[in-house]
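In: structure of the sequence below:
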Amino acid sequence: MATLEIRDLHVTVDTENGVKEILRGVDLTVKAGETHAIMGPNGSGKSTLAYSIAGHPKYTVTQGTVTLDGQDVLAMKVDQRARAGIFLAMQYPIEVPGVTVSNFLRTAKTAIDGEAPKLRLWVKQMKAAMAELRMDPDFADRNVNEGFSGGEKKRHEILQMELLHPKMAILDETDSGLDVDALKVVSEGVNRAAAGGDVGVLLITHYTRILRYIKPDFVHVFIEGRIVEEGGSELADRLEDEGYDRFVKVEA
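Out: Model (predicted):
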């Protein structure tokens, strides 16, 4: 069972006004088979946590550790983290002109597994996954995210997750910009990927609407760069009713 452990994580970022500390001592453990929801207002550091785990160069870890099955994640390059089993679905997926979805996915799978999947089997798996996500088969021949709508980009992110089978999937505001139908389809994809029990999911969101479809085992409230309260799915219901004001007042 894969385990992601974050201990006393402090992260800074350079701004026009100097160095700013964003994460101020985060402790979190995510195990395969578990779904964790990170919830909090804008600017609380949720996305910084996601990108720091994935290795974005914009963020500097000044203190703490991140390990995956005991391996030092912070010592790995970005591609090494992906090969180790860390997957990030970005809030704003980027376009990759000149690279088709099909080639992109097969190249990524080859890099992770160390060998290319058999073409006929791979095409069959990809088409089946696309059908589940209600993606037009023609998307396989289109350039990555080029001309895609917001919902199409998010479906492509979940397509990657389903086909690459990571140990830890970090989903950064996957519900952002989705209509109700797209939200349900994307959520079903996450649930399928997690159903085997060998994937840990860290779901970052502002709102509880995605949690109607993806039921978290644990909910963590993120305020000003740290976790201030933890609980089960009932905590998300409380946040729906009460918002984040009471946590902000406590921290102020």
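
In: from the chain's centroid, how far away is stretch 11-30?
Out: 18 Å (CA atoms, centre = their mean, to the nearest Å).

In: could you do stretch 168-175 as well?
Out: 3 Å.

In: repeat for stretch 201-216
Out: Distance, centroid of stretch 201-216 to centroid of chain: 11 Å (CA atoms, centre = their mean).

In: show me the contact partners of that stretch.
Out: When contacts are defined by CB atoms under 8 Å, 6 or more residues apart in numbering, stretch 201-216 is touched by residues 4, 30, 34-42, 46-47, 49-50, 168-175, 183-184, 187-188, 190-191, 194, 232-233, 236-237, 239-240. Glycine gets a C-beta too; all of them are placed from N, C-alpha and C.

In: from those, which land in helices?
Out: 46-47, 49-50, 183-184, 187-188, 190-191, 194, 233, 236-237, 239-240 (DSSP state H).

In: any low-confidence regions in the stretch 101-250 of the chain?
Out: Scanning the stretch 101-250 of the chain with the threshold set as pLDDT under 70 gives 248-250.

In: what subset of the ones in helices among the contacts of stretch 201-216 is buried?
Out: K46, S47, L49, A50, L183, S187, E188, V190, A194, A236, L239 (16 or more other CB atoms under 10 Å).

In: thinking again about what came up before, just the closest of the ones in helices among the contacts of stretch 201-216 to R106, please.
Out: V190 (22.1 Å; CB to CB).

In: doesn't M161 make contact with that closest one?
Out: Yes. Under the criterion of CB atoms under 8 Å, V190 makes contact with M161 at 7.2 Å.

In: mutual contacts of those two, please.
Out: Residues touching both V190 and M161 (CB under 8 Å, 6+ apart): A169.

In: the stretch 1-150 of the chain: strands as residue ranges?
Out: For the stretch 1-150 of the chain, the strands defined by DSSP state E, counting those that start in this stretch occupy 3-15, 18-31, 35-39, 59-68, 71-72, 86-89, 96-100, 143-144.

In: give me the distance from the last one to the chain's centre.
Out: Relative to the chain's own centre, strand 143-144 is displaced by 20 Å; criterion: CA atoms, centre = their mean.

In: what lines up beside that strand in the sheet?
Out: According to DSSP bridges, strand 143-144 forms sheet pairs with strand 96-100 (antiparallel).

In: okay, buried residues for the partner strand please.
Out: T100.

In: also stretch 146-158?
Out: F148, G151, E152, K153, K154, R155, H156, E157, I158.

In: S52 contacts T12, correct?
Out: No. Counting by CB under 8 Å, S52 does not reach T12; the two are 10.1 Å apart.

In: quick one: common contacting residues for the two?
Out: Common neighbours of S52 and T12 (CB under 8 Å, 6+ apart) are Y59.

In: show me which of these two is the more surrounded one.
Out: Neighbour count, other CB atoms under 10 Å: between S52 and T12, S52 has more, with 26 against 18.

In: CA atoms of stretch 160-179 as PDB?
Out: Taking Å, rounded to 0.1, in the frame of the first residue of the first chain, the C-alpha atoms of stretch 160-179 are listed here in PDB:
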ATOM      1  CA  GLN A 160      -4.500  10.600 -18.000                       C
ATOM      2  CA  MET A 161      -5.100   9.500 -14.400                       C
ATOM      3  CA  GLU A 162      -7.100   6.500 -15.500                       C
ATOM      4  CA  LEU A 163      -4.500   5.300 -18.000                       C
ATOM      5  CA  LEU A 164      -1.300   6.000 -16.100                       C
ATOM      6  CA  HIS A 165      -2.400   4.400 -12.800                       C
ATOM      7  CA  PRO A 166      -0.500   6.600 -10.400                       C
ATOM      8  CA  LYS A 167       0.100   5.700  -6.700                       C
ATOM      9  CA  MET A 168      -1.000   9.200  -5.600                       C
ATOM     10  CA  ALA A 169      -3.300  11.400  -7.600                       C
ATOM     11  CA  ILE A 170      -3.400  15.100  -6.700                       C
ATOM     12  CA  LEU A 171      -6.400  16.900  -8.200                       C
ATOM     13  CA  ASP A 172      -6.100  20.700  -8.000                       C
ATOM     14  CA  GLU A 173      -9.600  22.200  -8.200                       C
ATOM     15  CA  THR A 174     -10.700  19.700 -10.900                       C
ATOM     16  CA  ASP A 175     -14.300  21.000 -10.400                       C
ATOM     17  CA  SER A 176     -13.400  24.500 -11.400                       C
ATOM     18  CA  GLY A 177     -15.400  25.700 -14.400                       C
ATOM     19  CA  LEU A 178     -17.300  22.500 -14.900                       C
ATOM     20  CA  ASP A 179     -21.100  22.400 -15.500                       C
END
